[in-house]
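Novice: whatever this is, show me its structure:
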Amino acid sequence: MNVRRSAAALAVAVAALGTAAAPAALADDASPSPAGPLPSGLYGKKDPQFDGVFRQSYALLAQRTTGVTPAAKAVDWLTGQSCASGGFAAYRADASEPCGSKTQVDSNSTAAAVQALAALGDEGKSAQTVKKSLGWLKSVQNQDGGWGYNPGLPSDANSTGIVVGAFAAAGEKPAAVKSQEGKSPLDALTKLAMDCGKDGGAFGLADAKSGKLTPNADATAAGVLGGLGKGLALDEKAVGEADAAPRCAKPDDAAQAARNGTGYLLKALARSGHLTSSLPGAADKPDVGNTADAVVALAAAGQREQAEKSAEWLARNSAAWAKDSGPAAYAQLIFAARAAGMDARDFGGANLVEQLTAQGPAPRDAGDEAGNKDEKDEKDDDGSGVSVWWIVGVGLVAGVGIGILFSGRKKKTQL
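Specialist: The predicted model follows:
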């Protein structure tokens, strides 16, 4: 969910070293420009090393959910990133080279790609890729029923939540996806849910050294969606029925854990309408990306009133963030707008669909979207700082240590 590439880079480095590390510079301007030209089918023009598949998947999924058919070459680029096993790495500069033992495939990139390709509903290569990718996800499922960011890492709520969304998007029941020990993703999410009281029923992220869970808003948004068996892009059928604020109780199953997490998010958003990010040495500031994720989770849980209030806050305050962050950020806002029943083409006066479209190859039916370029033109996007944290996800958190700011979202405490 709101991943900055600098955090993603750090997370990958930590995973490779197998040691815990403190987040380094995580500034918004930490996303470098690529050394050479990027594929014409790829969304965003900043370095895709840590988020290429993720931002592409979000972009295509957001377009599809708003009635836009992505360019064929954009879909081809995404399917071409898949390894023979079905797993996806964050980015492969030369997809003609087969994946090897050093190719760092991960659950988050794979699950995001599955959700996008399943939504496109194309026959042929897209459908085949979805099938193989689901098979790969099953093959790396942890015995507790969940997933970590990379195979072998402990399960975390962010990774498990986005994978649940992938199976749901492909028409499979997440509860039926079980490990060799008979555990499902719902079992794993239940274990990642925290008690009521001082932890407030949140889903937690694990400390790199002790493994102790710490309440985290983005992990909670992911856990709520996963516990409800929902994906990133809600349609009218996926929006939950109106419900009173849930009462926190012992999380004996995923459904109760999701209710508890919903209550946690409601309290976190009640005062200002947005979540807050805190990083060592930096002033607290509104966390736009995680707020967007929370809107989707609350809508899925039937909490439309708060979802609408927070979406309205996003409509007033997200423009600069989205412009700086790029394709995945626009997609997050589109998901939030739709979940809250708002018009993504008039979100605080902004046409999010048009803005997203302008950052990649012109969709096949983009004639009425102002600002679209011819498919042969070079794309001119404002960047993709990727604000989609699931990318490196907090998955790394569980076993390695970055527990947070989206890309493992940087160990940030969200209040």
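Novice: number of residues surrounding Gln306?
Specialist: 22 (other Cβ atoms under 10 Å). For glycine as for every other residue, the C-beta is placed from the backbone atoms N, C-alpha and C.
Novice: separation between it and Ala208?
Specialist: 32 Å (Cβ to Cβ, to the nearest Å).
Novice: what of Asp144?
Specialist: 18 Å.
Novice: can you give me the buried ones in stretch 41-51?
Specialist: 41-51 (16 or more other Cβ atoms under 10 Å).
Novice: again but with stretch 151-160, I slipped
Specialist: Using 16+ other Cβ under 10 Å as the test for burial, stretch 151-160 gives 151, 153-160.
Novice: which one of those sits closest to Ala344?
Specialist: Asn158 (24.1 Å; Cβ to Cβ).
Novice: and after the longest helix along the chain, which helix or strand comes next?
Specialist: In the chain, with assignment by DSSP state H, the single longest helix is helix 254-270. Note on helix 254-270: by DSSP states H and E, the next helix or strand toward the C-terminus is strand 275-277.
Novice: can you mark which positions in the helix or strand following that next one are buried?
Specialist: Downstream of strand 275-277, the next assigned helix or strand under DSSP H and E is strand 285-287. By neighbour count with 16+ other Cβ under 10 Å, strand 285-287 contains the buried residues 286-287.
Novice: tell me which strands and helices the helix or strand just after strand 285-287 is in contact with?
Specialist: Using DSSP H and E, the helix or strand that follows strand 285-287 towards the C-terminus is helix 288-300. The contact analysis (3 or more Cβ pairs under 8 Å, 6 or more residues apart in numbering; DSSP states H and E) places helix 288-300 against helix 217-227, helix 254-270, strand 275-277, helix 304-317, helix 319-325, helix 327-339.
Novice: check the offset of the longest one from the chain's centre.
Specialist: For helix 254-270, the distance between its averaged C-alpha position and the chain's averaged C-alpha position is 19 Å (Cα atoms, centre = their mean, to the nearest Å).
Novice: so where's the stretch 201-350 of the chain shaky on pLDDT?
Specialist: For the stretch 201-350 of the chain, the stretches flagged by pLDDT under 70 are 236-243.
Novice: which residue ranges of the stretch 101-250 of the chain form strands?
Specialist: 105-106, 204-206, 213-215 (DSSP state E, counting those that start in this stretch).
Novice: okay, the ones you listed in JSON lines with mean neighbour count next?
Specialist: As requested, these are exported to JSON lines (neighbours: other Cβ atoms under 10 Å):
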{"stretch": "strand 105-106", "mean neighbour count": "26"}
{"stretch": "strand 204-206", "mean neighbour count": "27"}
{"stretch": "strand 213-215", "mean neighbour count": "21"}
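Novice: dump those strands to CSV, plus distance to Ala175.
Specialist: Formatted as CSV, these follow (distance: least, Cβ to Cβ, whole Å):
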stretch, distance to Ala175
strand 105-106, 23
strand 204-206, 22
strand 213-215, 23
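Novice: how far off centre is stretch 275-292?
Specialist: 17 Å.
Novice: in that stretch, what's buried?
Specialist: 275-277, 279, 286-292.
Novice: ok, which pair from the residues you listed is furthest apart?
Specialist: Top of the distance list for the buried residues of stretch 275-292 (Cβ to Cβ): Leu279 and Ala292, 18.9 Å.
Novice: next, Ser82: phi, psi?
Specialist: phi -70, psi 140 (degrees, to the nearest 10).
Novice: what residues does it make contact with?
Specialist: Applying Cβ atoms under 8 Å, 6 or more residues apart in numbering, we find Ser82 in contact with 88, 113, 129, 132-133.
Novice: most neighbours among the residues you listed, which one is it?
Specialist: Phe88 (31 neighbours).
Novice: confidence score at it?
Specialist: Each residue has a pLDDT score; the one for Phe88 is 98.
Novice: list the beta-bridge partners for it.
Specialist: As for beta bridges, Phe88 partners with Ser82, Asp106 under DSSP bridges.
Novice: so it touches Thr110, yeah?
Specialist: Yes: under the criterion of Cβ atoms under 8 Å, Phe88 makes contact with Thr110 at 4.4 Å.
Novice: need the overlap of contacts for the two.
Specialist: By Cβ under 8 Å, 6+ apart, the residues touching both Phe88 and Thr110 are Ser133.
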